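[1] I would like to see how this sequence folds:
(chains A, B and C)
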Amino acid sequence: MGQVWITLRKYPALLLLVAVYVISSAVVFANHMRGRGRVGEREKTVLRIAHWQLEPGIREALDWVIGEYQELHPDVEIRQILIPEEGYFRWVNTQLIGRTAPDMIECGLGGSPELWRMFYARYFLPLDEYVDEPNPYNQGTVLEDVSWRETYFDDMLGGYEETLQTYFRVPLSAFTLRLYYNADMVGEVWDEDERGTPFPRTYEEFVELCELLQEQQGEGFVPISGSSYSFDRIIHVYRTALTAGYHDRLDTDYDGTVSRLESAAPLFSGRLDMREEGAIRATFELLREIAEYSPPGATAMGRDEADFLFLQERAAMMPTGSWDYSSLMERAEGQFTLAVAEMPLPSPDHPRYGPYVTGPPTEAHTQGAFPFAITRTSPNADIALDFLQFASSLKYNEALNEQMFWLPAIGEAQPREELEPFTPRVEGYAQTVEFEAPGTAMSFRHTLPVFLAGTHDYETFVDRYMASFRRELPDQGVPEHIRDMNRTLDQQKRYGSIRRAAISGAAGADAILTGDPAEQHMRIMEAYVGQRASRDHEVHTWVEHARYYHEQR
Amino acid sequence: MPREVVRFRHLKSYWPLYLLLVPSLALIAAFMYFPAFSGIYYSFFRWDGDELATFIGLENFHRAFGDPRLGYSFIVVGILFVANLFKMIPSIVTAVVIHRITSDRLRYVYRLLFVVPMVIPWMVVVLIWKFFYDPILGLLNAVLRPLGVLDLLGLGPFPAWLGEARLIIPALIIWGFPWIGIIGVLIYLSGLEKIPSSVYECAELDGVGWLGKFFYIELPLIATQVRINLVLMIIGVLQGFDMILVLLGAEGGPEGAGLVPGLYMYYAAFIERRAGYACAIGILLFFVIVILTYINNKYVRVET
Amino acid sequence: MSRPESPIARVLKHSYLWVMLALTFLPFYIMLVISFKTNTQFYRQPWTLTFPLHFENWAIAWETVSVYIANSVFLAVTATLISLVIAILAAYVFGRFKIPFGDFIWAAILLLLLMPGVANLVPLFRVMTELRLLNSLIGLALVGAAGGQIICLYVLRNFIEDMPREFFECARIDGASHLQQIVHVVIPQCGGIISTLAILRFVGEWNSFILPLITLRDPDKLPLAVGLFRLQGAYVKQWGPLMAAYFISAIPLVILFAFTMRFFIRGIGEGAIKG
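    Residues are numbered from 1 along each chain as shown, chains lettered A, B, ... in the order given. Have a look, this model is predicted:
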């Protein structure tokens, strides 16, 4: 030992390194033990909750709810894991494969709806047996005897997975999309008295405003700040406004919504030709027009960069959701007046887009967001469920959302007054065409920005994008879907309606029901198996899901 | 120094030697060979990275050869490879210039100074570059704009280097300017130091100029070192997608302009869940590296 | 170089080197200058110092990255130690003896130098899942050591082969076992190259990114590279603390290099000649 010491003294660097290493190891060990819940003399159960809401204030608000919960349950410790949006899906995916997933995961970002559906079926806990029971944490409130599901403003539709006909998620909030603008800057060129409104009501006026702003502010300024993030969202607004007319044509299973496959199948088979359909072409041309008033390469910019332009007053407007309200408000304070408007739509008289415009997208189907699902690998699923019930109870959901400046998910809960402009607007149209099909997400992300940047025309864009349709969709089971759709439609519809009737407790539903609910569920799953029989590994998925559900009973 | 030969019959007293190999081989087997073979195995499957795997024969490879995106990714990597050949020059020049400094002490000081930037963690370097490329805040535009370069190229006042498909490859090429890899410089210097001063004296008698010395003496004599750096570069370029992942995101930027095979593989495996296909891409990548290394060893001749 | 060089050549050489140095040091300058700014100061005047200096940025940054630094040090040192120990053991065998199957094993190991680690990423992830090494720094260190030892093994073998046999013979006559020979002969004799390899491995592990990125779950286990990557994904970027964090994360290596620079510069040269 003495000799080692002498050697070490000769090399101060080595000595230092050893010292630093020892300290680091101690830190690593301490973190490891804390991660297992061994801290002090008391052993705690550690749960982890992962989400991507890095907006300022969210973490603190959630920590507050966690703190309240831990006060009730001192032997539980809940830790947040915040993952940036960019890598969120990849992170969740690897954690699920590796069986190291946290107990609760916020769902729905990235990947594709198909992949998420597969995740729900394989890795997440179905909540069906709990949603019809009252939420225990609502005791003593008006919602005491109301089922958990019905305490939600949307009957917990935000947690319901249509295809699997099962509840998986517990939403804690709700979001709507708006256009934020710098009222001072807009006011300079847009005279409210003369125009009658503080902000353009139609798309034509909006374009005029963009031109006026551009003129006034000169170089280094763009009217609309945007990012890939905001474009994803405005696509939805204009696509719905211009293509709502396709609804009856595309809703082949008459369930009132156009699913991704219902939209992808006709695009794939050519029944809906992107080149021929005026409304679709108009949608993309309108988007390109907006891109002209956005920063160059906006579709590759990050959300923070868009924020930056807007807050530095190098852009006058920015489309984003209610979730950004408090952070934008806070940062704009003292600099300019922040105001909120709806995305203006073309009037029916617009020479180019007018003929296709139906109306704004409805926000009636606004569903609970900030949704968490519980992983099956969680050793403490019961605690996780208990915590999510706690967070979605009337009292705490209201308080949580008040702190986050978000809209609460529970019907009786009161939102903050400032959020009034974000109240969901019920009248409007449902989304119809979805351009991204299973497996083409990457192509869409590759080809759209180039089209929006004006590098090539609409035809080239469509050709390139449809090429990826032909390449990817056969592998994703779309042709089989087209073939099987009719065959399984009846079956699916029947079980679907039975299931819904059972859930909503419709009069006479019991009379239609044969056998116990588990058996019903099995049949529904089998219907899907029949539908997607060609995709053997997916079948495995559905069957496995069904089997799991069965075991639960 | 010849090695001691141990024959089979001596093994009785020499068997502990194998014990010394065990830790090394165990790690290699577990974390390198086993994954490699299971990668080959899974390349014949439609595999989701988890427990669902269906044997599909050569379909993944068949698909890979018809995948335009994969083809494009190899073109990107080819362009980056050629660019990197040129990006080796500053390191060589720097090494030669340091070598030609007459004062021993200054030579050492320069070397020391060039090593210092190595302490910047790689991630910080990438993030700082990402920040340089920022259209509005970035240093690159701030420097190029007053020089009139942006107008000259018709890029407008705020080109988004990482946001426009046509600018991505240039951005990846500019990346790392002035392209001095310090490890490379040190390796070259080690070669240069072996050049006996008599060679220089002869050259001077013949009236060879400074450029001549470079081409006739220095460059040929550090060919070994160039080759070492070349191999390192090939492997680095073909494998390295982490920098692109950080700069451009998992999709490789708009139009996938920066999508290299490694990144595509990563995307397929961890985002699209087509792990079997990802394994197939990995195998193709392996063959490309083997072929390039083989060519390098065979044709980049070294006279020693 | 006997002829006295012309003053112009001298000025040219030095100015070339100074320009290059200035460019390579630019990131330092930028990190340092911005690290003292608030966002407002930064937006108004990004590239020069602005007053008042905000030292609290550094305090914030330290709070954020200190855990990452501890994790990185632990990961890098552990992986370096493991890879060097096992490489020395194996290099001793390959460098001194020609054992049955030795050449075959050697060839099998060398082939790995060509193997793109990337190609194995997916199955490697699977292996780590099976061995329950996910979300574990030890697991990462093991995998890092497995890959990193190969180049060490290759270089060390050449060095040991070139060592005079007498060293070993003397030790053996004194009755030294293989392990004793390694400790008393190999390590002192190859000290220089071993420390160079150690630094190289250390830097390599310090910079490892993809594997930690996909295998680690808990925020308090992240090494620097992944931690910084996550930091920059936050929406509201505070540039000052961010740059201070970048700068702080360079400090451990600065210290390491300050003490070992001499070794390192010499060692790289030796290694390159032998290798």
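[2] so where do the helices sit in the stretch 51-200 of chain B?
    Assigned by DSSP state H, counting those that start in this stretch, the stretch 51-200 of chain B shows helices spanning B:59-65, B:68-87, B:89-100, B:104-115, B:122-133, B:139-147, B:149-153, B:165-174, B:182-193, B:197-205.
[3] Pass me the low-pLDDT residue ranges in chain C, would you?
    Scanning chain C for pLDDT under 70 picks out C:1-5, C:114-119, C:233-236, C:265-275.
[4] And the strands in it?
    Per DSSP state E, chain C carries strands over the ranges C:97-98.
[5] Can you give me every residue that contacts A:D251?
    A:D251 makes contacts with A:257-258, A:262, as judged by Cβ atoms under 8 Å, 6 or more residues apart in numbering or on different chains. Every residue, glycine included, has its C-beta placed from N, CA and C.
[6] Minimum distance to C:F94: which of the helices of the stretch 51-200 of chain B has it?
    Within these, the stretch nearest C:F94 is helix B:182-193; the backing value is 23.6 Å (Cβ to Cβ).
[7] Now do that closest one: distance to the chain's middle.
    Its chain's average C-alpha position is 17 Å from that of helix B:182-193, according to Cα atoms, centre = their mean, to the nearest Å.
[8] is that helix up against chain C anywhere?
    Yes. Using Cβ under 8 Å from any Cβ of the partner chain, helix B:182-193 reaches chain C at B:183, B:186-187, B:189-191, B:193.
[9] ok, back up a step: can you pick the most crowded of the contacts of A:D251?
    Taking other Cβ atoms under 10 Å in any protein chain shown as the neighbour criterion, A:V258 ranks highest of these with 23 neighbours.
[10] coming back round to it: closest one to A:P74 among the helices of the stretch 51-200 of chain B?
    Among the helices of the stretch 51-200 of chain B, helix B:122-133 comes nearest to A:P74, with 39.2 Å by Cβ to Cβ.
[11] quick one: that closest one to chain centroid distance?
    18 Å.
[12] circling back to that earlier point, hmm, which of the residues of helix B:182-193 next to chain C are the buried ones?
    Neighbour counting with 16 or more other Cβ atoms under 10 Å in any protein chain shown marks B:183, B:186-187, B:189-191 as buried within these.
[13] Looking at those, which one is closest to chain C?
    Distances from chain C to those, taken as Cβ to the nearest Cβ, are shortest for B:S190 (3.2 Å).
[14] rewinding a little: please convert the helices of the stretch 51-200 of chain B to TSV, extending it with mean pLDDT.
    Listed next are these as TSV, based on pLDDT from 0 to 100:
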stretch	mean pLDDT
helix B:59-65	90
helix B:68-87	91
helix B:89-100	88
helix B:104-115	83
helix B:122-133	85
helix B:139-147	84
helix B:149-153	76
helix B:165-174	88
helix B:182-193	82
helix B:197-205	82
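[15] Need those in CSV (columns: distance to chain A).
    Output for these, formatted as CSV (distance: least, Cβ to the nearest Cβ, whole Å):
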stretch, distance to chain A
helix B:59-65, 8
helix B:68-87, 8
helix B:89-100, 25
helix B:104-115, 15
helix B:122-133, 10
helix B:139-147, 10
helix B:149-153, 12
helix B:165-174, 5
helix B:182-193, 19
helix B:197-205, 34
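[16] Relative to A:W91, which of those helices is closest?
    helix B:122-133 (17.0 Å).
[17] and the closest one, what does it pack onto?
    Counting contacts by 3 or more Cβ pairs under 8 Å, 6 or more residues apart in numbering or on different chains; DSSP states H and E, helix B:122-133 packs against helix B:139-147, helix B:242-248, helix C:7-35, helix C:224-231, helix C:239-274.
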